[in-house]
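S.K.: Just to be clear, the model below is a prediction. Sequence and coordinates:
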Amino acid sequence: MTTLKTKNLKAYITAKINEYAENTFSEVDYSAHKAVLKKYPWGDRPATIAGLRTLLNDIQEQSNLYKYILAVIAVITAVFIFFWLVFF
């Protein structure tokens with residue numbers, strides 16, 4: 001009698017674990033991933049990731065250049081305003 005209860009309990013627990021495992025993981029939607037791979041000319045995933053990193057680094061470098069230019073313009077403007085207020 002005890003072995004029957006143990007077997008039923010094991011079967012019940014196994015069934016519940018399997019049920020929860022089936023409901024835990026859903027299907028992954030790769031449509032955005034595939035769209036990015038189609039949009040850029042690098043082909044497979046690793047090459048696309050490397051290409052996008054290079055592209056982002058280039059954009060970041062250009063952005064830094066503009067930041068430096070704006071900083072120089074701000075300093076020149078501040079010096080001009082200072083001299084204007086002091087000497088005029």
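M.R.: Thanks, I have it.
S.K.: From the contact counts, what lies against the longest helix anywhere in the chain?
M.R.: Identified as the longest helix of the chain according to DSSP state H is helix 45-87. Using 3 or more Cβ pairs under 8 Å, 6 or more residues apart in numbering; DSSP states H and E as the contact test, the elements touching helix 45-87 are helix 31-39. To be clear about C-beta, it is placed using only N, CA and C from the backbone, and glycine gets the same treatment.
S.K.: Give me the angle between the helix it packs on and helix 45-87.
M.R.: Counting by axes from the mean of the first three to the mean of the last three Cα atoms, to 10 degrees, helix 31-39 lies at 80 degrees to helix 45-87.
S.K.: now for helix 31-39, which elements pack on it?
M.R.: helix 45-87.
S.K.: for the helix it packs on, the distance to its chain's centre please.
M.R.: Between the centre of helix 45-87 and the centre of its host chain there is 24 Å, according to Cα atoms, centre = their mean, to the nearest Å.
S.K.: Pass me the low-pLDDT residue ranges in the protein, would you?
M.R.: Where the chain drops to pLDDT under 70, the residues are 1-2, 4.
S.K.: now Asn18, what's its secondary structure?
M.R.: At Asn18 the chain is in helix, as set by DSSP: H, G, I helix; E, B strand; the rest coil.
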